[in-house]
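1. Fold the following and give me the result.
(chains A and B)
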Amino acid sequence: DSGVTQTPKHLITATGQRVTLRCSPRSGDLSVYWYQQSLDQGLQFLIQYYNGEERAKGNILERFSAQQFPDLHSELNLSSLELGDSALYFCASSSSGAPLLPEAFFGQGTRLTVV
Amino acid sequence: AQKITQTQPGMFVQEKEAVTLDCTYDTSDPSYGLFWYKQPSSGEMIFLIYQGSYDQQNATEGRYSLNFQKARKSANLVISASQLGDSAMYFCAMKDTGNQFYFGTGTSLTVIP
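-> I've put the predicted structure just below:
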């Protein structure tokens, strides 16, 4: 158990809908990272928050947004969903926002299926 | 340009043997970190080992070691004494001072009894 909690584990929704994925980082970790893992794109970094502020941005679509709350949990909002958004979405946390901090611990992921 | 390249889509190894999973990376940043993660069939990503670009010695964590060859920009993972539970996908990743993680496409390792 990595200590990172993601909910829900599975989500099935229709095209055009909006969903929110939730992540609770390990106790004491200030950084949260979001990733998308799909069959055709592999594992893609989406965005990082550190202590409530956006720290780094990767291949995140404009239809997607994220935020980190004062209690350090984070939410990833996906809107106007398309079939191609079906993927496994991971959250990871680490104790620092420093770029070269070693490991980030991953949650078990949320499997999103868009039908 | 691909930042992380894993050229072995699938690998097989006999139980108790050692196996090397290849990873090459591309960055012009002098400071970077290299990581290996394991993803079993259950789906979670498990951190295995980390190597900093300025680290003088190769990283080791139990049965895992990272063969870091900076001039060749390679960061191969060596798993010694393979176990059946090592069967999984293995991802090489890099983080540079831009603070983004870049992942390779992964290598599927199967340990044969």
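2. CA only for contacts and neighbour counts going forward, please
-> OK.
3. gap between residue B:18 and residue A:5?
-> 33 Å (Cα to Cα, to the nearest Å).
4. Of those two, which one has the most company?
-> residue A:5 (22 against 15; other Cα atoms under 10 Å in any protein chain shown).
5. for the nearest residue to the more buried one once chain neighbours are set aside, what are its contacts?
-> Leaving aside its chain neighbours, residue A:5 sits nearest to residue A:24 (5.0 Å; criterion: Cα to Cα, 6 or more residues apart in numbering or on different chains). Residue A:24 sits next to A:4, A:5, A:6, A:72, A:73, A:74 when contact means Cα atoms under 8 Å, 6 or more residues apart in numbering or on different chains.
6. Give me the residue at the spatial middle of chain A.
-> residue A:34 (3.0 Å; Cα atoms, centre = their mean).
7. pretty sure that residue is in contact with residue A:50, am I right?
-> No - under the criterion of Cα atoms under 8 Å, residue A:34 is not in contact with residue A:50, lying 11.9 Å apart.
8. still on that earlier bit, now do the residue nearest to residue A:5, the pLDDT please.
-> pLDDT for residue A:24: 97.
9. cool, residue A:59 as well?
-> On pLDDT, residue A:59 comes in at 81.
10. looking at it, it is touching residue A:44, isn't it?
-> Yes - counting by Cα under 8 Å, residue A:44 is a contact partner of residue A:59 at 6.8 Å.
11. more crowded one of these two?
-> With neighbours defined as other Cα under 10 Å, residue A:59 and residue A:44 compare such that residue A:44 has more, 21 against 12.
12. Check which helix or strand that one maps to.
-> Using DSSP states H and E, residue A:44 sits within strand A:42-50.
13. chain center to that strand: distance?
-> With Cα atoms, centre = their mean, to the nearest Å as the basis, strand A:42-50 stands 7 Å off its chain's centre.
14. Provide the contact partners of whichever helix or strand comes after it at residue level.
-> Using DSSP H and E, the next helix or strand after strand A:42-50 towards the C-terminus is strand A:53-57. If you take Cα under 8 Å, 6+ apart as the criterion, strand A:53-57 is touched by A:45, A:46, A:47, A:48, A:49, A:67, A:68, A:97, B:98, B:99, B:100.
15. Point out where the chain drops to low pLDDT.
-> Let's take chain A. A:96-103 (pLDDT under 70).
16. try again with chain B
-> B:1-2, B:99.
17. Do a quick rundown of the strands in it.
-> B:4-5, B:10-14, B:19-21, B:24-25, B:32-39, B:46-52, B:60-61, B:64-69, B:74-79, B:88-96, B:101-103, B:107-112 (DSSP state E).
18. Compile the ones you listed into TSV and extend it with columns for mean neighbour count and distance to residue A:106.
-> Putting these into TSV (neighbours: other Cα atoms under 10 Å in any protein chain shown; distance: least, Cα to Cα, whole Å) gives the following:
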stretch	mean neighbour count	distance to residue A:106
strand B:4-5	22	20
strand B:10-14	15	23
strand B:19-21	20	21
strand B:24-25	22	22
strand B:32-39	23	10
strand B:46-52	21	7
strand B:60-61	14	18
strand B:64-69	20	19
strand B:74-79	21	20
strand B:88-96	24	13
strand B:101-103	24	13
strand B:107-112	19	19
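19. Residue A:107: which of these is closest?
-> strand B:46-52 (9.0 Å; Cα to Cα).
20. The closest one: partners in the sheet, and parallel or antiparallel?
-> strand B:32-39 (antiparallel) (DSSP bridges).
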